[in-house]
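Enquirer: everything below, folded, please.
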Amino acid sequence: MTQDINFMTKTRALIDNLKSVCANYGLGNDGNEFKIITQVFLYKFLNDKFRYAVKQEMPVLDGSDNFSEALRNLSEDDYSDLVDSLDPNIPRLRPEHLISHLFVKQNDADFAKTFDDTLRQISIENADVFSVKSFTGAKDSLFDELTQFISDSSQRDAFAKALINKLFEFSFEEMFEQKYDFFATIFEYLIKDYNTDSGGKYAEYYTPHAVARIMAQIMVPEPVKSVKVYDPSAGSGTLLMSIAHEIGEENCTIYSEDISQKSSNMLRLNLVLNNLTHSIPNIIKTNTIAQPSYLDEEFDYIVSNPPFKLDFSDFRADLEKDAFKKRFFAGIPNIPKSKKESMAIYLLFIQHIMYSLSDTGKAAIVVPTGFITAQSGIEKKIRERLVTNGWLRGVVSMPSNIFASTGTNVSVLFLDKKADSEHIVLMDASKLGETVKEGKNQRTVLTPAEENLIIETFNTKEVVADLSVVVTKEQVIEKNYSFSAGQYFEVKIEYIDITAEEFTEKMDNFQNRLQKLFTEGNVLDKKIQQQLKSLKYEN
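Expert: Sure thing, here's the model as predicted:
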């Protein structure tokens, strides 16, 4: 535990130091700072992961004074055999790619070029495993030419040297002996200035951890193996990491789609840090609704916090084609005459998720709470289909402001192709949570005890007064397909037995109080009238 804290402190110091280097060279809060910080950190991680794996495979190298030199002294055949023996998820580096080699070379001429060339070579030689693909199949580069973000070319060598010196100070290698929770935590610190749920620059990629944990633990109450997990609007991967951790990283393969290159790169980093590198080739940068890459795939688990509102008028017509008729069975939202950005794109994501489930598939989707009670339109058609198909496992309505970046009240919809339609759990958790202030925003935070209450109540299908109801498919149909727990709560009227004398005494007290109020009112009326009479007109 002490070692964990020690490494956490050193790792956070490394991240802060990298940000200081950016600030010192005029890139603090610059749009490119995010790329530099995350990519340099990724380079450091891959370097140390490679060193660790090689030493495990060839222990004789562990005792060498100069690791990169000892690696360089291997014959070409020995080096090839060594690399071939490594796990496919381990990056393939050459001796001249290592931080220790660059550290020695930092005073050479054109060091910035050497630094950028090194990262480019690593990108090329590891593209098959570590590159994010687009819908067209084109692969991105793992690293940008980072020194080119320094506009003053005379400063680029010094910038590259400053970065290498920060990376050389300590190693992650000892942490690879342990579970990857350490790096899962570090990911949040690494991108805290770029990926916050308090309205920051990349807020759209963020789902609060409490919501992610609740979704994962409700979806995976028992062990599973060899499953495919999918998020059609993955962002930085908070939901995917949470459910993968619940299933076990070795027991699942991740698939994702997202239209944003930034979020795809953040997700790649999250997968690397969480021992899910094998799933990186399944990250696709695309428009999931208009150009889905996984339309012919079926998934065992789907998690999603889709965008609620977005202008998709540019490609709405494409969604009408016959190939998508079955997929968008409930219809496609119309283009409003004004405020096109208010188009309810989340309704397309729900239908896409339903279409993408395997025969035993399960899904958890964050939706605006208005969806669960809408009396007509696409919302109602979707709810009808879920109930008639027997796919509705339940709904949890969350507290307001649990997402500080949106004031919209949200609920989580739980689907299961094998749901028990006689025991559908509807939960109103809107009164739970504690209000905390974050900057200018207020948000609601669930306590660990409240998280557990929601999870346990849902999974055990327990009825709890003012929190949960368990209803049948027929009852939901009777309530016009409402998924709101509040509409099923019993109205409680408390009756108190009193004697005739107690009743008379209570009534006398009420009358006396009323008479007193009437008397006071009359006095006040007279005073107001006198005041009005005393008013005189003055020039």
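
Enquirer: count of neighbours near Ser233?
Expert: Residues near Ser233, counting by other CB atoms under 10 Å, number 27. Every residue, glycine included, has its C-beta placed from N, CA and C.

Enquirer: before we move on, what about Gly137?
Expert: If you count neighbours by other CB under 10 Å, Gly137 ends up with 8.

Enquirer: per-residue pLDDT of it, please?
Expert: Gly137 is assigned 89 on the pLDDT scale.

Enquirer: list the buried ones in the longest helix anywhere in the chain?
Expert: Secondary structure of the chain per DSSP state H: the longest helix is helix 500-534. By neighbour count with 16 or more other CB atoms under 10 Å, helix 500-534 contains no buried residues.

Enquirer: next: stretch 257-265.
Expert: Buried residues in stretch 257-265, defined by neighbour count with 16+ other CB under 10 Å: 257-260, 262-265.

Enquirer: can you give me the end-to-end distance of it?
Expert: Taking CA to CA, to the nearest Å, stretch 257-265 runs 12 Å from one end to the other.

Enquirer: quick one: mean pLDDT for that stretch?
Expert: 90.

Enquirer: below-threshold pLDDT in the stretch 101-250 of the chain: ranges please.
Expert: Residue ranges of the stretch 101-250 of the chain with pLDDT under 70: 178-181, 194-206.

Enquirer: same thing but 90
Expert: Applying pLDDT under 90 to the stretch 101-250 of the chain flags residues 135-137, 141, 169-210, 235-236, 238.

Enquirer: tell me where it has helices.
Expert: With DSSP state H, counting those that start in this stretch as the criterion, the stretch 101-250 of the chain has helices at 111-125, 127-130, 156-167, 181-190, 209-219, 238-247.

Enquirer: check which helices and strands the longest one is in contact with.
Expert: Going back to what we said before, that points to helix 111-125. Contacts defined by 3 or more CB pairs under 8 Å, 6 or more residues apart in numbering; DSSP states H and E place helix 111-125 against helix 33-57, helix 99-105, helix 156-167.

Enquirer: let's see that with 6 Å instead.
Expert: Contacts defined by 3 or more CB pairs under 6 Å, 6 or more residues apart in numbering; DSSP states H and E place helix 111-125 against helix 156-167.

Enquirer: got the contact list for the helix it packs on?
Expert: Applying CB atoms under 6 Å, 6 or more residues apart in numbering, the contact partners of helix 156-167 are 17-18, 21, 25, 40, 44, 99, 102-103, 106, 111-112, 115, 147, 150.

Enquirer: tilt between that helix and helix 111-125?
Expert: Counting by axes from the mean of the first three to the mean of the last three CA atoms, to 10 degrees, helix 156-167 points 60 degrees away from the direction of helix 111-125.

Enquirer: mind listing what's buried in helix 156-167?
Expert: Residues of helix 156-167 classed as buried by neighbour count (16+ other CB under 10 Å): 156-164, 166-167.

Enquirer: switch the residues you listed over to JSON lines; also include distance to Leu273.
Expert: Listed next are these as JSON lines, based on distance: CB to CB, whole Å:
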{"residue": "Arg156", "distance to Leu273": "28"}
{"residue": "Asp157", "distance to Leu273": "30"}
{"residue": "Ala158", "distance to Leu273": "29"}
{"residue": "Phe159", "distance to Leu273": "25"}
{"residue": "Ala160", "distance to Leu273": "24"}
{"residue": "Lys161", "distance to Leu273": "26"}
{"residue": "Ala162", "distance to Leu273": "24"}
{"residue": "Leu163", "distance to Leu273": "19"}
{"residue": "Ile164", "distance to Leu273": "21"}
{"residue": "Lys166", "distance to Leu273": "18"}
{"residue": "Leu167", "distance to Leu273": "16"}
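
Enquirer: among those residues, which one lies nearest to Lys55?
Expert: Within those, proximity to Lys55 (CB to CB) peaks at Leu167, which comes in at 18.5 Å.

Enquirer: what distance do you get for the closest one to Asn47?
Expert: 8 Å (CB to CB, to the nearest Å).

Enquirer: could you do Ser153 as well?
Expert: Applying CB to CB to Ser153 and Asn47 gives a distance of 26 Å.

Enquirer: between these two, who's got more neighbours?
Expert: Legend: neighbour count by other CB under 10 Å for Ser153 and Asn47, higher for Asn47 (23 against 10).

Enquirer: residue contacts, the more buried one?
Expert: Counting by CB under 6 Å, 6+ apart, Asn47 makes contact with 98-99.

Enquirer: okay, the helices of the stretch 101-250 of the chain, which one's buried deepest?
Expert: helix 238-247 (a mean of 25; mean count of other CB atoms under 10 Å).

Enquirer: which residues touch that helix?
Expert: By CB under 6 Å, 6+ apart, helix 238-247 touches 207, 212-213, 216, 220, 224, 229, 231, 252, 254, 270, 274, 303.

Enquirer: check which element follows it along the chain.
Expert: Heading C-terminal from helix 238-247, the first helix or strand you meet, by DSSP states H and E, is strand 252-258.

Enquirer: quick one: strands adjacent to that next one?
Expert: As defined by DSSP bridges, the strand partners of strand 252-258 come to strand 227-231 (parallel), strand 283-285 (parallel).

Enquirer: need the longest strand for this structure.
Expert: Under DSSP state E, the strand in the chain containing the largest number of residues is strand 357-368.

Enquirer: the inter-axis angle of that strand versus helix 238-247?
Expert: 130 degrees.

Enquirer: quick one, helices of the stretch 301-450 of the chain?
Expert: 346-356, 377-389, 448-459.

Enquirer: give me the distance between Asp193 and Cys22.
Expert: Distance of Asp193 to Cys22, computed by CB to CB: 11 Å.

Enquirer: these two: who's more crowded?
Expert: Higher neighbour count among Asp193 and Cys22: Cys22, with 24 against 16, using other CB under 10 Å.

Enquirer: the more buried one touches Glu33, doesn't it?
Expert: Yes: proximity of Cys22 to Glu33 meets the contact threshold set by CB atoms under 6 Å, at 4.9 Å.

Enquirer: what are the bridge partners for Asp428, then?
Expert: With DSSP bridges as the rule, Asp428 is bridged to Ser397.

Enquirer: burial check on it, number of neighbours?
Expert: 23.

Enquirer: show the pLDDT at it.
Expert: 95.

Enquirer: on that earlier part again, ok, of the contacts of helix 156-167, which come out buried?
Expert: Buried among the contacts of helix 156-167 by 16+ other CB under 10 Å: 17-18, 21, 25, 40, 44, 99, 102, 106, 111-112, 115, 147, 150.

Enquirer: now the stretch 351-500 of the chain, which segments are flagged as low pLDDT?
Expert: Residues of the stretch 351-500 of the chain that meet the cut-off, pLDDT under 90, sit at 400-409, 433-445, 466, 489-500.

Enquirer: report the contact partners of Leu532.
Expert: By CB under 6 Å, 6+ apart, Leu532 has no neighbours at all.

Enquirer: quick one: it from Glu520, how far?
Expert: Distance from Leu532 to Glu520, by CB to CB: 19 Å.

Enquirer: how about the nearest residue to Tyr488 once chain neighbours are set aside, secondary structure?
Expert: Spatial nearest neighbour of Tyr488, chain neighbours left out: Val469 (4.3 Å); criterion: CB to CB, 6 or more residues apart in numbering. Three-state call for Val469 (DSSP: H, G, I helix; E, B strand; the rest coil): strand.

Enquirer: from Val425, how far off is Val476?
Expert: For Val476, the distance to Val425 - CB to CB - is 12 Å.

Enquirer: can you check the pLDDT for Pro59?
Expert: On the pLDDT scale, Pro59 gets 89.
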